[in-house]
Each structure stands twice: as structure tokens, then as C-alpha cells.
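Colleague: One predicted model, sequence on top.
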Amino acid sequence: MTAAKEYGVFLPVANGGWIVSRATPLLDGGWPQNRDAALLAEAEGFDFVMAMGKWRGFGGDTDHWGASLEAVTMMAGIAAVTRRVKIWATLHAILHNPAVAAKMIATLDHISNGRAGLNIVAGAFQGEFAQMGAWDDSLDHDARYDLTEEWTQVVKRLWTEPSVTFNGWHFRFRDCVSEPKPLHRPELICAGMSARGFEFSVREADGCFIGGRDAAETRQASARARALAAKLGKPIKTYCMMTVITAATDALAQEKAARYREGLDEGAVLGMLESYGVAPSGDNAMTARARGAFMTQAVVGSPRSCADQIEAFLRDCDIDGLMFIFDDYADGLRVTGRDILPRLRKAFA
């Protein structure tokens, strides 16, 4: 028997979404588009919605991700207008004090009646945090994950213990209290793919986002996560991001995708790669996809064709779920909810 999967939506919290192109439909990163996408996601039967945290964009002609709403505040608004879909928000460990973070997500959990989740980011984009004096040059990549591990341990304890005393390398707490507790322990998500980030994600989170250049690399990453979780004696869920480009026919969908690729905002791509410390000539999944405008794995075709591709991808990769991205959220959510999700639910019942 195949295992049931989870299907979520990566909300368009920053302008431009996840296709770096001058030719895509307008995604402005504003409240109406995000609210409407979340309501549609709930109505169409998706399991969760997630918002990233972004503080500086990548430039280029489109000023990609230059405008964005703050994730937790926005998700509190979405929690208040939805009833069923899970609400996952993002916080950066190098930016938010863990006691403040614990209180923020506990509040989100109360507003959502127990649907809150936390996507933890260690912080990788120096320019994003240096602009506000929040970047510590003394912390290298692995040290930021050491900080994030302490941060996460404090948050978890504040959600469950009457008071917390903690003497770590990065944080000191003495008889720290945080009330009320969440209604349910919020799900923890992370997307670290470096050796240290991967280890942190599997050790501390309930689910991790993985990826690769193709299904084989993604399957390898999922297997690594499961093997490490087994050694640690804990469960882990693996998720992948998936961009869906649909039209009435395969040919029309391919034409649409070709327009997006032709409209590639090269300046924004260079800014994005620079922000993550990735060489434009590098041989990895990020650079390979960025050159083609799409920031994630993508399927292109008619709804039937996309359903076939997604089902095959899920079977090949041995992952627990997908977080969908769309060029046009209103149309993409309706088509996916009507023509793709039912097929996937049946295939992975």
C-alpha cells in the first residue's frame, strides 16, 4: 500500500514568486493575492500553506523579491480567515530572539486553533541581514547552525516547560517563562541542504525540504534524511517544491513556459546566486534551474500531463509531500485542486 502524501502551497509573499522572469503574470507580494491564494488552497483541499521570510530582494529589471510582507504577521491574518489548512510561517534564528519567536508562534497557534507550524531558517544571505546590523561576521556557516540549534532547543522548551534556564554558547536564559503554551506543539520545518544544515534539519525538525537536479538526486536526499532519522531514533518527513505550469494542452503550456524562459531576468538571477554565495558557472541544481528562470523542480503541460508527471515524480523520489508553486495562483490553484489533487489522492491513498 502506498503512503498518503501531503500537498501544500508556497504563498507568493514576495513579488515575482519563484519564476525569475519579466514575462510572468504579476505577483506583487501583497496581502490580497496571498489571502486569496490561501483561501483557494483551503477550498481546493490543500493541506498547508507556507510563507517565507524575506528582507531584501535580488534586484534586476523586476527587482525580484524586493517587496514582501512579513511572514508571521501575514500568516496570523490568514489564520483568522481560514479554518482547516495548516499555517506554516518562517522565522530567522539570527534575527529573532527565541523567547520572542516562541511567543509569536504560540500566538499564531492560538489564532489558528492549533494549525501553526514554524519554518526555521539559519540565515544565509549576508546582505539581507547586514543592512540592519544583524549579521555577525564571526559566525561562519556551521556556526550559524550551531546558533540555530540552541535557538530551536530554547523554543521547544518554552513551548512545553513552566520556565527555562539555558546556558548555551549563543543564548543565556534564566527562569524564562512563556505563556500561554501552544494548543498543539507546532510542526517544525527546515530546508538546510549543506552537510551541517541537513543534519540540523533531520535532528531538530519534523519535516525537511529537499531537492536535486532530478528525481534521482531528490530520492538520494530523501534516503539520506530517512537514514539519519533512523539513527537518531525519530521520524522525519521529506518534502520537495514543485512549480506547476498548466494550460489546456501540452503545446500551449510549453509555449507559456518558453515565454517565461525567454523573459529571464538575468540581473535578478545573478543577484540571487550572489546572495547565496553560488557561482553563476557552478554545476548544481540552483544554477541549472536559475538559468532557465524556474527556481524549483517544474512540470509543464495539460492538467492530465502534469498529474502524470507529478505522480511519477512522487513514486521515483520516495518523499512525503509537495509544496506547489504557480505562475498564476488563482488559475493554478483551481486547476490543481480540480484536476490534479484528486488523481494524486487516489494514487497515494
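Modeller: The structure has been received and is ready for your questions. Numbers count the residues shown, from 1 in each chain.

Colleague: need the contact list for residue 122.
Modeller: 92-94, 144-145, 147-148, 192, 197, 200 (Cβ atoms under 8 Å, 6 or more residues apart in numbering). For glycine as for every other residue, the C-beta is placed from the backbone atoms N, C-alpha and C.

Colleague: switch the cut-off to 10 Å
Modeller: Residue 122 makes contact with 92-94, 139, 141-149, 151-152, 190-192, 194, 196-197, 200-201, according to Cβ atoms under 10 Å, 6 or more residues apart in numbering.

Colleague: cool, residue 301 as well?
Modeller: Residue 301 makes contact with 244-247, 249-254, 257, 307-309, according to Cβ under 10 Å, 6+ apart.

Colleague: how about 6 Å then?
Modeller: 250, 253 (Cβ atoms under 6 Å, 6 or more residues apart in numbering).

Colleague: ok, now residue 228?
Modeller: residue 202.

Colleague: pLDDT score assigned to it?
Modeller: pLDDT for residue 228: 95.

Colleague: which element follows the host helix or strand of it toward the C-terminus?
Modeller: Residue 228 belongs to helix 215-232 when assigned by DSSP states H and E. Next along the chain after helix 215-232, taking DSSP H and E as the criterion, comes strand 237-246.

Colleague: Neighbouring strands - and their directions - for that next one?
Modeller: Within its sheet, and counting by DSSP bridges, strand 237-246 is paired with strand 207-209 (parallel), strand 297-301 (parallel), strand 321-326 (parallel).

Colleague: right, so the ones you listed: which one is the most enclosed?
Modeller: strand 207-209 (a mean of 25; mean count of other Cβ atoms under 10 Å).

Colleague: That strand - what's its average pLDDT?
Modeller: The average pLDDT within strand 207-209 is 97.

Colleague: now that strand, how far from the centre of its chain.
Modeller: Distance of strand 207-209 from the chain centroid (Cα atoms, centre = their mean, to the nearest Å) equals 9 Å.

Colleague: Stretch 71-83 now?
Modeller: The chain centre lies 16 Å from the centre of stretch 71-83; the measure is Cα atoms, centre = their mean.

Colleague: Of all the residues in that stretch, which ones are buried?
Modeller: Residues 71-72, 74-76, 78-79, 82 are the ones in stretch 71-83 that count as buried (16 or more other Cβ atoms under 10 Å).

Colleague: now stretch 186-194
Modeller: For stretch 186-194, the buried set under the neighbour-count rule, 16+ other Cβ under 10 Å, comprises 186-193.

Colleague: measure that stretch end to end?
Modeller: End-to-end distance of stretch 186-194 (Cα to Cα, to the nearest Å): 25 Å.

Colleague: What mean pLDDT does it get?
Modeller: For stretch 186-194, the per-residue pLDDT averages 93.

Colleague: for stretch 264-280, same thing?
Modeller: Mean predicted lDDT for stretch 264-280 stands at 84.

Colleague: got it, and stretch 336-346?
Modeller: The predicted model gives stretch 336-346 an average pLDDT of 98.
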